[in-house]
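Visitor: Output the structure for:
(2 chains)
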Amino acid sequence: MKRTGYIIGPLIACMLTAGCAKEEDRYKEAREYMSSMEAIAVEEVVAYQREQTAKPSQTVTQEQTAQEPDTPEQITQEPIRPDTQPATQEAQTDDNPVTDEDPDIETTTEEIPTEPAPSAKTKEQVKEEAMAAWSAQVAEGNISLLSSEEHANLLSKLSGTVFVGDSVTQALVTEGMVPESMVFFKRGVLLKEITPYVEAAASVFPEKVVFFKGLGDVDHEDPVSYCEKYAALVNLLRERVPGVKIYICALLPPSNAVAAAREDLARSWMFDDQLRAWCPTADVTYIDLHWMVSQPLYLADGIHFNKIFYNLWLKYVTAVVTDWEDVLV
Amino acid sequence: MTDVKKGGRRKKDPARKLICVYLIPAVWIAFALINALLPARAYSDRERRSLAQFPSAENGAVLDGRFEEGFEEYAKDQVAGRDALMSAYCAVKSATFNRENGGVYRCADGYLMDMPKVPGEKLPSAYSALLRACDIWQDITLLAVPAAADVCSDLLPGYAREGTQDRLEAFSELTDKLPSSVNVCDVRDALLKAYEGGTQVYYRTDHHWTSAGAYEAYKELMKLWGMEAKEYKLLPVCGGFGGTLAAKYGTALKTDTIDIPVPDRMPMILVRISGQTGYTTTIYDMDAVDGPDPYTVFMGGNYGEVTIKTSHKGAGKLLVFKDSYFNALLPYLLDDFEEITFIDPRFYDGDATLLASQYRDRKVLVCYSRNTFLEDNSFTLVIEQ
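Guide: Numbering: from 1, shown residues only, chains lettered A, B, ... in the order given. Predicted coordinates:
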């Protein structure tokens, strides 16, 4: 009986162990799948997704090219591309009755080669008109607030953009301008302390980063070291997110009342001048906000701005980061 | 017979004195001291719910009775050894062939089911929220998942099956009142067909649907949206799953296996959870399979807002208002959309106005269990801010 026990006991133990092992094997494939998914590096996915984003425009071009021979009527009715003129003229001569009916098309196509590239001039015009309209709104104290549709339009254009800063950036969230997921901030943070927030911004691999900081550093830095600290942050971003575009907003002055009372803050113009000069050397876009500052746009503390200011700020900054495409005035 | 001394006085029994005078009071005092000294628990893993805390006596709570009610709940929830006492209670109930405990019915084949809610005369607040959502979004789909008792009603005890048809009709009448701009994806028939075909569409001891059940809903959604449903392989990730209903009933009669759906190609996704830094590349929480609630293998639980970017550029963007049922449906949708943002209104603390602006041009899916749709008011609180 004792010997039987010595045999049966270990036999049962082995069977149980084998059963457990078999049970674990059942889940192995799923768990390996989950592990593989977790192990994929974020950088790898970012690169893959950007590659996929680049692909559709090439595909569309190929499709258009494939379609062109099948739809000559469309080509003759598009008075846009000077390169296609000979082809369109040939198509018109051969078969297309459109030429006989619409002689104006020939006139239009003859004028096209003499016009300068429309897109560059249009952007400049757009920019001038928008700046003129906004400046007038600021001067008249009549800045238009965003409607829901306009707000949605701006937010969709800001996809891939994040904002970094202190309380003046925090206001983008508190005033309901942009979602918190796009903003990396700490109230009162200085440039020498902001690195964790820049790293957090970098961790979402943005396409564009906009810095907007307030007057906190004016008490703790000199203009040269101020720009040196920005330079370090810019380098950090570029190392973590190759190809990222970086924008730095102007350091705005305090209100007249605060500037009269606080000499230390009144010297902010020295920091801003240094920043404005440094940015182009570092391939960073300086966003000049001075034109949009007027006294009524300050909050009572004379350092922060109100919601009306941020409505205009959002329109302007969006225009800048999208290179003045389809500007919302 | 007790001993009688001279003079008619009963002789004292030392054992009785020991028990009545010393032992019983000592046990009571010790029990009271243990209860007083043990820190209050915030959450019960066993029952999967938050436990009542010591009530506040401020603002007239004592005079109007709120303090007393709160203290009763607190005392019940925080009694020392509650889990062991609950287990013993449930064991006794089971042994005495009691087929209901804590609102949960013991059904055939080891299933535990709770009774689904019935639409009342007053419209639920989620219904109003849906109407408000129609003002913001043009493309809204409602997927209200029926409870197990509404699909596998043949497993219920005979006396509990009554009312199933009335419940289904009442819910249909409710959804019929929705404006035509809301697409209602009724998955009950698809789930029933799968169940009758031998597919396990609900977990035996948890209120959630299985991955197989979620797949049936996925196919119905794709049909409604005019999209092609992809094929997936279901792989078991853990066994011995006893869920929320087992916790309520007191025990799991049979346990289940949790499966995850696996596509042909590994999805290349970036997952961003609100309140957390950076991205992850997975929707699964490996640690959950060995934890107290393995269903949280899907996403690790519920968060206010999660955005997933996939590699399918140009495939459209989806916004989802959801409860935990959606977590099992999510893996199927990764291959069909460029970006999926899902919001659990119970945990969302963002700006609702901004929500409307940020996600204005999206296809919207409202994915709730029918019980949540009928009872929850957090969707309203988010949409109507």
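
Visitor: For the rest of this, base every contact and every neighbour count on C-alpha atoms.
Guide: OK.

Visitor: What is the burial count for residue A:295?
Guide: 13 (other C-alpha atoms under 10 Å in any protein chain shown).

Visitor: Phi, psi for it please.
Guide: phi -60, psi -40 (degrees, to the nearest 10).

Visitor: dump the residue contacts of residue A:222.
Guide: Shown in contact with residue A:222 (C-alpha atoms under 8 Å, 6 or more residues apart in numbering or on different chains): residue A:271.

Visitor: Return the distance of it relative to residue A:228.
Guide: 10 Å (C-alpha to C-alpha, to the nearest Å).

Visitor: can you check residue A:186 too?
Guide: 20 Å.

Visitor: who's in contact with the residue most central in space within chain A?
Guide: The centroid of chain A falls nearest to residue A:161 when counting by C-alpha atoms, centre = their mean (2.6 Å). Contacts for residue A:161 were tallied using C-alpha under 8 Å, 6+ apart; they are A:182, A:206-210.

Visitor: Get me the contact residues on the stretch 101-250 of chain A for chain B.
Guide: By C-alpha under 8 Å from any C-alpha of the partner chain, the residues of the stretch 101-250 of chain A that approach chain B are A:148-149, A:151-153, A:155-156, A:176-181, A:200-201, A:203-204.

Visitor: Could you report the pLDDT at the closest residue to chain A within chain B?
Guide: Taking C-alpha to the nearest C-alpha as the measure, the point where chain B comes nearest chain A is residue B:357, at 4.2 Å. Per-residue confidence (pLDDT) for residue B:357: 90.

Visitor: Not counting its neighbours along the chain, what's nearest it?
Guide: residue A:152 (4.2 Å; C-alpha to C-alpha, 6 or more residues apart in numbering or on different chains).

Visitor: Give the buried residues for the helix or strand harbouring the one you found.
Guide: Following DSSP states H and E, one finds residue A:152 within helix A:148-157. Residues of helix A:148-157 classed as buried by neighbour count (16 or more other C-alpha atoms under 10 Å in any protein chain shown): A:148, A:151-155, A:157.

Visitor: I'd like those residues laid out as JSON lines, including pLDDT.
Guide: Below are the buried residues of helix A:148-157 laid out as JSON lines (pLDDT from 0 to 100):
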{"residue": "A:148", "pLDDT": "89"}
{"residue": "A:151", "pLDDT": "95"}
{"residue": "A:152", "pLDDT": "94"}
{"residue": "A:153", "pLDDT": "94"}
{"residue": "A:154", "pLDDT": "96"}
{"residue": "A:155", "pLDDT": "96"}
{"residue": "A:157", "pLDDT": "95"}
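
Visitor: Pick out whichever of those sits closest to chain B.
Guide: residue A:152 (4.2 Å).

Visitor: Give me the distance between the closest one and residue A:177.
Guide: Taking C-alpha to C-alpha, one finds residue A:152 at 10 Å from residue A:177.

Visitor: Repeat that for residue B:28.
Guide: 61 Å.

Visitor: Give the residue from those two that has the larger number of neighbours.
Guide: Remark: of residue B:28 and residue A:177, residue A:177 carries more neighbours, 23 against 11, as counted by other C-alpha under 10 Å.

Visitor: so where do the helices sit in the stretch 101-250 of chain B?
Guide: Here the stretch 101-250 of chain B has its helices, by DSSP state H, counting those that start in this stretch, at B:125-136, B:148-151, B:164-176, B:188-196, B:211-225, B:244-249.

Visitor: In a markdown table: those, plus mean neighbour count.
Guide: A markdown table is the format used below for the helices of the stretch 101-250 of chain B (neighbours: other C-alpha atoms under 10 Å in any protein chain shown):
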| stretch | mean neighbour count |
| --- | --- |
| helix B:125-136 | 17 |
| helix B:148-151 | 24 |
| helix B:164-176 | 15 |
| helix B:188-196 | 18 |
| helix B:211-225 | 21 |
| helix B:244-249 | 25 |
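
Visitor: Which one of the ones you listed lies nearest to residue B:53?
Guide: helix B:244-249 (19.6 Å; C-alpha to C-alpha).

Visitor: what's the closest one packed up against?
Guide: Judged by 3 or more C-alpha pairs under 8 Å, 6 or more residues apart in numbering or on different chains; DSSP states H and E, helix B:244-249 is in contact with strand B:100-101, strand B:104-106, strand B:112-114.

Visitor: how does chain A divide into domains?
Guide: A:1-52, A:123-321 (automatic domain parsing).

Visitor: Go through the ones you listed and pick out the most buried.
Guide: Across those, the average number of neighbours (mean count of other C-alpha atoms under 10 Å in any protein chain shown) peaks for domain A:123-321, which reaches a mean of 18.

Visitor: and the end-to-end length of that one?
Guide: Length of domain A:123-321, first residue to last, C-alpha to C-alpha: 13 Å.

Visitor: per-stretch mean pLDDT over the domains of chain A, give me the minimum one.
Guide: Minimum mean pLDDT among the domains of chain A: domain A:1-52, a mean of 82.

Visitor: The residue in the stretch 201-329 of chain A that chain B sits nearest to: what's it in contact with?
Guide: Closest residue of the stretch 201-329 of chain A to chain B, C-alpha to the nearest C-alpha: residue A:203 (4.6 Å). Residues in contact with residue A:203 (C-alpha under 8 Å, 6+ apart) are A:240, B:277-279.

Visitor: Below-threshold pLDDT in the stretch 251-385 of chain B: ranges please.
Guide: Residue ranges of the stretch 251-385 of chain B with pLDDT under 70: B:385.

Visitor: hmm, 90 instead?
Guide: B:251-254, B:292, B:313-315, B:349-356, B:360-361, B:376-377, B:380-385 (pLDDT under 90).

Visitor: show me the biggest strand of chain B in terms of residues.
Guide: strand B:233-241 (DSSP state E).

Visitor: Which elements pack onto that strand?
Guide: Strand B:233-241 packs on helix A:2-39, strand B:256-262, going by 3+ C-alpha pairs under 8 Å, 6+ apart.

Visitor: where do the strands sit along chain A?
Guide: Under DSSP E, chain A gives strands at A:161-165, A:183-185, A:208-212, A:245-249, A:285-287.

Visitor: Dump the ones you listed into TSV; add distance to residue B:308 as well.
Guide: What follows is the strands of chain A, written out as TSV (distance: least, C-alpha to C-alpha, whole Å):
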stretch	distance to residue B:308
strand A:161-165	17
strand A:183-185	18
strand A:208-212	19
strand A:245-249	23
strand A:285-287	30
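
Visitor: For residue B:347, find the nearest of the ones you listed.
Guide: Across the strands of chain A, closest to residue B:347 is strand A:183-185 (C-alpha to C-alpha), at 19.9 Å.

Visitor: Pretty sure residue B:188 sits against residue B:147.
Guide: No: counting by C-alpha atoms under 8 Å, residue B:188 sits too far from residue B:147 to count as a contact (9.1 Å).

Visitor: Report the distance from stretch A:310-324 to the chain centre.
Guide: Computed by C-alpha atoms, centre = their mean, to the nearest Å, the separation of stretch A:310-324 from the middle of its chain amounts to 11 Å.

Visitor: Please apply the same query to stretch B:123-133.
Guide: The chain centroid and the centroid of stretch B:123-133 are separated by 21 Å, computed with C-alpha atoms, centre = their mean.

Visitor: Quick one: end-to-end distance for stretch B:368-380.
Guide: 13 Å.

Visitor: correction: stretch B:306-318
Guide: For stretch B:306-318, the first and last residues are 12 Å from each other (C-alpha to C-alpha).

Visitor: could you give me the average pLDDT of stretch B:199-206?
Guide: Here the average pLDDT along stretch B:199-206 is 96.

Visitor: Give the buried residues for it.
Guide: So stretch B:199-206, judged by 16+ other C-alpha under 10 Å, has buried residues B:200-206.

Visitor: Make JSON lines out of those and add distance to chain A.
Guide: Shown next, in JSON lines, are the buried residues of stretch B:199-206 (distance: C-alpha to the nearest C-alpha, whole Å):
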{"residue": "B:200", "distance to chain A": "18"}
{"residue": "B:201", "distance to chain A": "19"}
{"residue": "B:202", "distance to chain A": "20"}
{"residue": "B:203", "distance to chain A": "18"}
{"residue": "B:204", "distance to chain A": "20"}
{"residue": "B:205", "distance to chain A": "20"}
{"residue": "B:206", "distance to chain A": "20"}
